[in-house]
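Colleague: no FASTA, just this:
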């Protein structure tokens, strides 16, 4: 098995024992990355930076003081600012932008010795569920069952495709409405969205600030625990980052969940859910029961209002956040005609720089925040959001430790098959994932099996706030019981 | 709530995004569809519920009111499409 297909845990142990060098491990990933161009996962490659970081990691390893992520080659979602490296958030409006600073997450990862192979494809400004709104063109799912190209999901589609195809050991993602968990499920990998405030948002291009959280996308639950530990922690530069100690998430993976109460939300049994999705959910329930957990049917009565709530709040915040792209300080500026003033400059720049879906969401947000509609839409959505959060609080107060649900309504679909005529069709992909962002809760997507078509299907575990360790332990039990080891055939 | 082309034109103007006159009916139709989807929220009884302001209960931390950053003019201007003499340059704003 070539080194690029290793897990973080295996690579860490091999690096520490001197069985491989960080440079050789990185070379293996760089070769895989270059051979994987058909997946359109990497959009800016940084091999020179990677080798420089790998050499530094080897020096630390030789000195015997290497943290867990030391020498681990990662892909970085294009949303994370990396000094001197193009950071475009998948948008033409940031073409040519090279930050003069690093995000807190990349600073932490690089401080821990991690190696960056390049920037990964994503939906423009993280708005999308199929990676099709990217200015680089869509990333492609390495899983293939016929002559169609399938979407890796979105918005962290490049991250999921790169991890599933072994073009890196792991990748960063961000999740505003499901953008880590949905692509993880579509590509058969693990992804965790931490509790809101666990990971600093500083230096991550903002979409909807009250919902955005970064997290790891990995080949195993153990890897997610290791990498989350390196990404998390208080940051004075992000006023919403929580001043809490970061526990040892890996140490929480005991595999013992006896006596834990797993909630099964009645409202997630949607009409029209594919029979295979319902069946795999039932199998997951059996696995948790066999591991000694108590299974309890629960009600989250406001679930059906989560999507419309999200599609008021997220565009509202986006319209405000994306006001900064005006052609003045960075990125694209439109060519102006004779006599054009500053308003024409703003309007032409934004029309040229933003893609269709981003424009739609900005305008939707502008509308729901405009005079006369603020109360009817935005304030009402914030009230319903409070009710959605209360649903979860009541379940946890009644003794539920974690909640088991599907991650997505279906397995991966073909590029170009959804949302072409009706944007709302694409929004429905987030039905099982947005509730957690609205409630600020941690959630992890774990691959559990293949459907009859041969595509991966994932289940999602939802945890109590700040209890990512316990949540990952539940995920670890599910992963062990499911024994999902399938890999996509290398056609690319 | 249905959006007509006049409202679509107004929203585009507020958002500072140029939309061609010919594209306004399609935009109005798309926005109407999205807002129609949001109409479900009117079913929910929100009597006595406070709008959420912070998803995790937290108090903003305070720090000493001192300068922690600065003297990075060149770095700030580095990505500007048009920077001159230490400033961002834009079309004439004042007549």
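Modeller: All right, it came through fine. Keep in mind that what you see is a predicted model, and the values were worked out from it rather than measured.

Colleague: helix or strand with the lowest mean pLDDT in chain A?
Modeller: Across the helices and strands of chain A, the lowest-confidence element by mean pLDDT, DSSP states H and E is helix A:423-427, at a mean of 83.

Colleague: please list the residues outside that helix that contact it.
Modeller: Defining contact as C-beta atoms under 8 Å, 6 or more residues apart in numbering or on different chains, one finds that helix A:423-427 is touched by A:128-130, A:307, A:311, A:357, A:360, A:418-419, B:30, B:33-34, B:37. (C-beta placed from N, C-alpha, C; glycine too.)

Colleague: make JSON lines out of those residues and add neighbour count and pLDDT.
Modeller: Shown next, in JSON lines, are the contacts of helix A:423-427 (neighbours: other C-beta atoms under 10 Å in any protein chain shown; pLDDT from 0 to 100):
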{"residue": "A:128", "neighbour count": "29", "pLDDT": "95"}
{"residue": "A:129", "neighbour count": "28", "pLDDT": "95"}
{"residue": "A:130", "neighbour count": "30", "pLDDT": "96"}
{"residue": "A:307", "neighbour count": "22", "pLDDT": "95"}
{"residue": "A:311", "neighbour count": "26", "pLDDT": "94"}
{"residue": "A:357", "neighbour count": "18", "pLDDT": "95"}
{"residue": "A:360", "neighbour count": "19", "pLDDT": "96"}
{"residue": "A:418", "neighbour count": "20", "pLDDT": "91"}
{"residue": "A:419", "neighbour count": "19", "pLDDT": "83"}
{"residue": "B:30", "neighbour count": "21", "pLDDT": "93"}
{"residue": "B:33", "neighbour count": "16", "pLDDT": "92"}
{"residue": "B:34", "neighbour count": "23", "pLDDT": "91"}
{"residue": "B:37", "neighbour count": "18", "pLDDT": "91"}
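
Colleague: tabulate these in JSON lines, adding columns for distance to residue A:15.
Modeller: Below are the contacts of helix A:423-427 laid out as JSON lines (distance: C-beta to C-beta, whole Å):
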{"residue": "A:128", "distance to residue A:15": "36"}
{"residue": "A:129", "distance to residue A:15": "36"}
{"residue": "A:130", "distance to residue A:15": "36"}
{"residue": "A:307", "distance to residue A:15": "44"}
{"residue": "A:311", "distance to residue A:15": "45"}
{"residue": "A:357", "distance to residue A:15": "41"}
{"residue": "A:360", "distance to residue A:15": "46"}
{"residue": "A:418", "distance to residue A:15": "42"}
{"residue": "A:419", "distance to residue A:15": "43"}
{"residue": "B:30", "distance to residue A:15": "51"}
{"residue": "B:33", "distance to residue A:15": "52"}
{"residue": "B:34", "distance to residue A:15": "49"}
{"residue": "B:37", "distance to residue A:15": "50"}
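
Colleague: among those residues, name the ones in strands.
Modeller: Counting by DSSP state E, none of the members of the contacts of helix A:423-427 fall within strands.

Colleague: and residue 68, how many neighbours does it have?
Modeller: By default, I'm working from chain A. The local packing of residue A:68 (other C-beta atoms under 10 Å in any protein chain shown) involves 23 other residues.

Colleague: let me rephrase: I mean chain B.
Modeller: Taking other C-beta under 10 Å as the neighbour definition, residue B:68 ends up with a count of 8.

Colleague: just the one 5 residues further on next, same as before
Modeller: By other C-beta under 10 Å, 11 other residues sit near residue B:73.

Colleague: same check, this time on residue B:87
Modeller: Applying other C-beta under 10 Å, we find 11 other residues in the vicinity of residue B:87.

Colleague: need the contact list for the closest residue to it other than its chain neighbours.
Modeller: Among residues not flanking residue B:87 along the chain, residue B:77 sits closest, at 7.9 Å (C-beta to C-beta, 6 or more residues apart in numbering or on different chains). Residue B:77 makes contacts with B:83, B:86-88, as judged by C-beta under 8 Å, 6+ apart.

Colleague: kindly report the same for residue A:375.
Modeller: For residue A:375, no residue counts as a contact, taking C-beta under 8 Å, 6+ apart as the criterion.

Colleague: now do the SS call for it.
Modeller: Remark: residue A:375 carries the secondary structure label helix [criterion: DSSP: H, G, I helix; E, B strand; the rest coil].

Colleague: pLDDT score assigned to the residue nearest to residue B:87?
Modeller: Each residue has a pLDDT score; the one for residue B:77 is 98.

Colleague: show me where chain B has its helices.
Modeller: When assigned using DSSP state H, the helices of chain B occupy the ranges B:5-14, B:24-38, B:73-77.

Colleague: distance between the ends of stretch A:427-444?
Modeller: 20 Å (C-alpha to C-alpha, to the nearest Å).

Colleague: and it, how far out from the chain middle?
Modeller: A distance of 11 Å separates the C-alpha centroid of stretch A:427-444 from that of its chain, computed with C-alpha atoms, centre = their mean, to the nearest Å.

Colleague: tell me the buried residues in that stretch?
Modeller: By 16 or more other C-beta atoms under 10 Å in any protein chain shown, the buried positions in stretch A:427-444 come out as A:427-444.

Colleague: what is the helix or strand bottoming out on mean pLDDT in chain B packed up against?
Modeller: Averaged element by element with mean pLDDT, DSSP H and E, chain B has its least confident helix or strand at helix B:24-38 (a mean of 94). Applying 3 or more C-beta pairs under 8 Å, 6 or more residues apart in numbering or on different chains; DSSP states H and E, we find helix B:24-38 packed against helix A:306-321, helix A:356-369, helix A:423-427, helix B:5-14.

Colleague: gap between residue A:297 and residue A:387?
Modeller: Residue A:297 sits 20 Å away from residue A:387, going by C-beta to C-beta, to the nearest Å.

Colleague: more crowded one of those two?
Modeller: When neighbours are counted by other C-beta under 10 Å, residue A:387 comes out ahead of the other of residue A:297 and residue A:387, with 18 against 8.

Colleague: grab the nearest non-local neighbour of that one.
Modeller: Distances taken as C-beta to C-beta, 6+ apart place residue A:302 nearest to residue A:387, at 4.8 Å, with adjacent residues excluded.

Colleague: the one you found is in contact with residue B:43, isn't it?
Modeller: No - using C-beta atoms under 8 Å, residue A:302 is not in contact with residue B:43; the gap is 10.6 Å.

Colleague: more neighbours: the two, which one.
Modeller: Set residue A:302 next to residue B:43 and count neighbours by other C-beta under 10 Å: residue A:302 wins out with 21 against 10.

Colleague: which residues are in contact with the residue lying closest to residue A:276 once chain neighbours are set aside?
Modeller: Here the nearest residue to residue A:276 in space, its sequence neighbours aside, is residue A:451; by C-beta to C-beta, 6+ apart that works out to 4.7 Å. Residue A:451 makes contacts with A:274, A:276, A:280, A:411, A:457, as judged by C-beta under 8 Å, 6+ apart.

Colleague: how long is stretch A:434-447 end to end?
Modeller: Start to finish, the residues bounding stretch A:434-447 are 19 Å apart (C-alpha to C-alpha).

Colleague: quick check: mean pLDDT across it?
Modeller: Throughout stretch A:434-447, pLDDT has a mean value of 98.

Colleague: could you do stretch B:88-95 as well?
Modeller: Across stretch B:88-95, the average pLDDT comes to 86.

Colleague: show residues contacting it.
Modeller: The contact list for stretch B:88-95 (C-beta under 8 Å, 6+ apart) reads A:328-329, A:336, A:340-342, A:344-345, B:77, B:80, B:82-83.
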